[in-house]
Every structure is written in C-alpha cells, then in structure tokens.
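Visitor: just coords:
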C-alpha cells in the first residue's frame, strides 16, 4: 500500500484476487475492478466488455475489434472440431485431482466452446475432490488438466502429467485417444481474462485439439 501511495497513480486497475482490497486501494486513487463476469455473459462477451472499457480510457477502439475478431474465429474453429463431444476439466494439486464445473476456471472450454462438461454439480471455485475412478466412470472424450502446483510454485510437487499417468486413467477413452490436454496454469489459474492470457488459453486448446 505504501509503494502504491508513493507512486501517486491516477487510477488503479485490479483483478478479482484483489477485490477485497478495493476500499483500501480507493483511498489512494480511483479503482477499477477488471474481472470476467461469466455468470451473466460468455467468456468472450465479458472480455469484449472489459476491452471496450480500456479502449474508451486509452482511445484504442480499433484494436479491440481486431482482438475480438481473432478470438472469435479461433473459438469457432475449436467448436467445430469438438461438436457433440464431452470433457472433464480437472485441477491437479498436492497429488490429488479435483473436477471443475461449468462457469469455473474452464468456462472457456465448457460454456464458450461448448464441449459438454460431464462433471455434474460442482460447488467450489477450485472444483470438487475426485477419484481417478470417477474420471474412468465419466469417461469423457477429453480431459483438460490445470496444474495448480506449478502455478503457485509448490516445492517438490509432482507435475500433473505424473499424477494423471496411472493405470486407472489409462483406461479412459481420453488417454487412449491422446486427448488429455495439459493447460498452462499461469493463464488458466492465476490470471485469466486478459488479452495475453486468452491468447495462451486458446493456443493450449489449439495445440491439444487441432493437432
């Protein structure tokens, strides 16, 4: 807070992780909370709204249209490649696996690209704890894996691929068909919703799906 105050900013932009500090930061300068609202809009729709806000502030309207057109074209290609298919979106942490529901950290996959998420009702933003047997029982066409430990720098943690490469998961159609996609956790877990992060997220999916 002291460093921010010394910088004397005209405005402070924050993401969802700093939302609880909104009032404290507002004592330094006007604060704008920038976060995706995927409960009332799509991933790309909410992103476009945020970009239009930035464009108005920084007079960059043409750039927004270019980014949105590119992202939309890429999403449509992924929709076409996965039409009618199913998925589980998993988060791997501390040697265990959780499944993430619709409008969770994988909302770009299930509610934007429309790959059916077969996780069922999931409450927590980090997903619900799951067994490897659940992955086999649900047997989706695709398994997407976010390595939370790599995002937060957990020392000595096994990589997500090590955790998921086991005899039970090998029995899934996703493994048999080389359809387990490992996602770059910095973008998917720590800082989704911006231009660079969205580009990384789409690139992850393109590499895994359109290969």
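Guide: Arrived safely, thanks for sending. Predicted model only: the values in this text are computed from it and were never measured.
Visitor: how about the helices in the chain?
Guide: 2-7, 22-26, 43-58, 61-81, 107, 132-138, 148-152, 160-164, 173-176, 185, 195-209 (DSSP state H).
Visitor: turn these into a markdown table, including mean neighbour count.
Guide: The way it works is simple: take the backbone N, C-alpha and C, and place the C-beta from them, glycine included. Output for the helices of the chain, formatted as a markdown table (neighbours: other Cβ atoms under 10 Å):
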| stretch | mean neighbour count |
| --- | --- |
| helix 2-7 | 10 |
| helix 22-26 | 13 |
| helix 43-58 | 17 |
| helix 61-81 | 14 |
| helix 107 | 22 |
| helix 132-138 | 17 |
| helix 148-152 | 18 |
| helix 160-164 | 18 |
| helix 173-176 | 16 |
| helix 185 | 21 |
| helix 195-209 | 17 |
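Visitor: these: which one's closest to residue 98?
Guide: Each of the helices of the chain was scored for nearness to residue 98 using Cβ to Cβ, and the closest is helix 148-152 (8.6 Å).
Visitor: identify the residue spatially nearest to residue 202, adjacent ones excluded.
Guide: Nearest residue to residue 202, sequence neighbours excluded (Cβ to Cβ, 6 or more residues apart in numbering): residue 74, at 4.9 Å.
Visitor: doesn't residue 204 make contact with the one you found?
Guide: No. The pair residue 74 / residue 204 is not scored as a contact, 11.5 Å apart, by Cβ atoms under 8 Å.
Visitor: now do the biggest strand by length in the chain: which elements does it pack against?
Guide: Determined from DSSP state E, the single longest strand within the chain is strand 86-93. Helices and strands in packing contact with strand 86-93 are listed as strand 96-100, strand 116-117, helix 132-138, strand 142-147, helix 148-152, helix 160-164; criterion 3 or more Cβ pairs under 8 Å, 6 or more residues apart in numbering; DSSP states H and E.
Visitor: out of those, flag the one nearest residue 211.
Guide: Once these are compared by Cβ to Cβ, strand 142-147 is nearest, at 12.6 Å.
Visitor: pairing partners for the closest one, with directions?
Guide: strand 86-93 (parallel), strand 180-183 (parallel) (DSSP bridges).
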